[in-house]
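Chemist: Got a predicted structure plus its sequence, pasted below:
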Amino acid sequence: KQEVTQIPAALSVPEGENLVLNCSFTDSAIYNLQWFRQDPGKGLTSLLLIQSSQREQTSGRLNASLDKSSGRSTLYIAASQPGDSATYLCAGAHRGSTLGRLYFGRGTQLTVWP
Amino acid sequence: GAVVSQHPSRVICKSGTSVKIECRSLDFQATTMFWYRQFPKQSLMLMATSNEGSKATYEQGVEKDKFLINHASLTLSTLTVTSAHPEDSSFYICSARLPGQGGMMYNEQFFGPGTRLTVL
């Protein structure tokens, strides 16, 4: 069974800091990976998708990488802002899945204070 | 980006009643939709995978007779919680898989805003 671990579980930082959020899968056979943002009581917003042929993706201040050999992904947030405060979830699709189901971590709750 | 809607956003019902939640892909056709449940401060737990025109595939431990899923068209899937009880109170989220070139190699999923179900 695929287990997804996200570290840290919570993070509180002052505005302007560069951040690293980590995600790891017990089964490294991940063929693509998504990072999401979830605000309290809301649905998920897709941030970045790393497809099977890629190793990283960038969008604005966000950069995500995937090491398929180890089943680890990192989300890098540059120059954090209070508006970045949310829970960040990683999710991977397993190579053996024919329906594309995603396996989710429990998330990192980020608080950026002014 | 692709948009997925859910209705209602919030529902409060009495124990024993049935509740239907709709999930729609607004600007694309989704052959596959997924239903998740999320408890406070927990991750998303997949309940079932819904495929247009066929029976849903339920995860182990999810009662298919209690959580009825109907994927009647390429843009609509519904989840009906039958005879709801307080322990069914949760945040229900659907997602739709965006089809693309290369089949499963492009598997970006877009999520609805969720439905907060409270059973009294």
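Modeler: Perfect, I can see it now. Just so you know, these numbers come straight off a predicted model, no measurement behind them.
Chemist: Wait, B:Ala84 touches B:Ser18, no?
Modeler: Yes. Under the criterion of Cβ atoms under 8 Å, B:Ala84 makes contact with B:Ser18 at 6.7 Å. C-beta coordinates here come from the backbone N, C-alpha and C atoms, glycine included.
Chemist: What is the burial count for the residue lying closest to A:Val4 once chain neighbours are set aside?
Modeler: Spatial nearest neighbour of A:Val4, excluding adjacent residues (Cβ to Cβ, 6 or more residues apart in numbering or on different chains): A:Gly105 at 3.9 Å. Here the count is done by other Cβ atoms under 10 Å in any protein chain shown, and A:Gly105 has 25 residues near it.
Chemist: Pull the contacting residues for A:Gly105.
Modeler: A:Gly105 makes contacts with A:Val4, A:Thr5, A:Gln6, A:Cys23, A:Leu89, A:Cys90, A:Ala91, B:Ser43, as judged by Cβ atoms under 8 Å, 6 or more residues apart in numbering or on different chains.
Chemist: Over to the closest residue to the third one other than its chain neighbours: give its phi and psi.
Modeler: The spatial neighbour of A:Gln6 that comes closest, neighbours along the chain excluded (Cβ to Cβ, 6+ apart), is A:Gly105 at 3.8 Å. Main-chain torsions, A:Gly105, degrees, to the nearest 10: phi -80, psi 180.
Chemist: Write out the residues of chain B neighbouring chain A.
Modeler: Applying Cβ under 8 Å from any Cβ of the partner chain, one finds that chain B approaches chain A through B:1, B:6, B:32, B:34, B:42-44, B:46, B:49, B:51, B:57, B:91, B:93, B:95, B:97, B:104-114, B:116.
Chemist: are any of the residues you listed buried, and which?
Modeler: B:6, B:32, B:34, B:43-44, B:46, B:49, B:51, B:57, B:91, B:93, B:95, B:97, B:104, B:106-114 (16 or more other Cβ atoms under 10 Å in any protein chain shown).
Chemist: shouldn't B:Met108 be in contact with A:Trp35?
Modeler: Quick fix: residue B:108 reads Glu, not Met. No. The pair B:Glu108 / A:Trp35 is not scored as a contact, 11.4 Å apart, by Cβ under 8 Å.
Chemist: What strands line up against the worst-scoring helix or strand of chain B on mean pLDDT, and which way round?
Modeler: Every helix and strand of chain B was ranked by mean pLDDT, DSSP states H and E. The lowest is strand B:109-111, at a mean of 87. Pairing partners of strand B:109-111, with direction, according to DSSP bridges: strand B:90-97 (antiparallel).
Chemist: thinking again about what came up before, in terms of neighbours, single out the busier of B:Ala84 and B:Ser18.
Modeler: A side-by-side neighbour count of B:Ala84 and B:Ser18, using other Cβ under 10 Å, places B:Ala84 first with 22 against 12.
Chemist: Name the SS class of the more buried one, please.
Modeler: Under DSSP: H, G, I helix; E, B strand; the rest coil, B:Ala84 falls in the coil class.
Chemist: Phi and psi next, for it.
Modeler: phi -60, psi 140.
Chemist: go on, B:Gln6?
Modeler: For B:Gln6, the backbone dihedrals are phi -130, psi 150 (criterion: degrees, to the nearest 10).
Chemist: Could you pull up the residues touching it?
Modeler: Taking Cβ under 8 Å, 6+ apart as the contact definition, B:Gln6 lies against A:Gly43, B:Ile21, B:Glu22, B:Cys23, B:Arg24, B:Tyr92, B:Ile93, B:Cys94, B:Gly112, B:Pro113, B:Gly114, B:Thr115.
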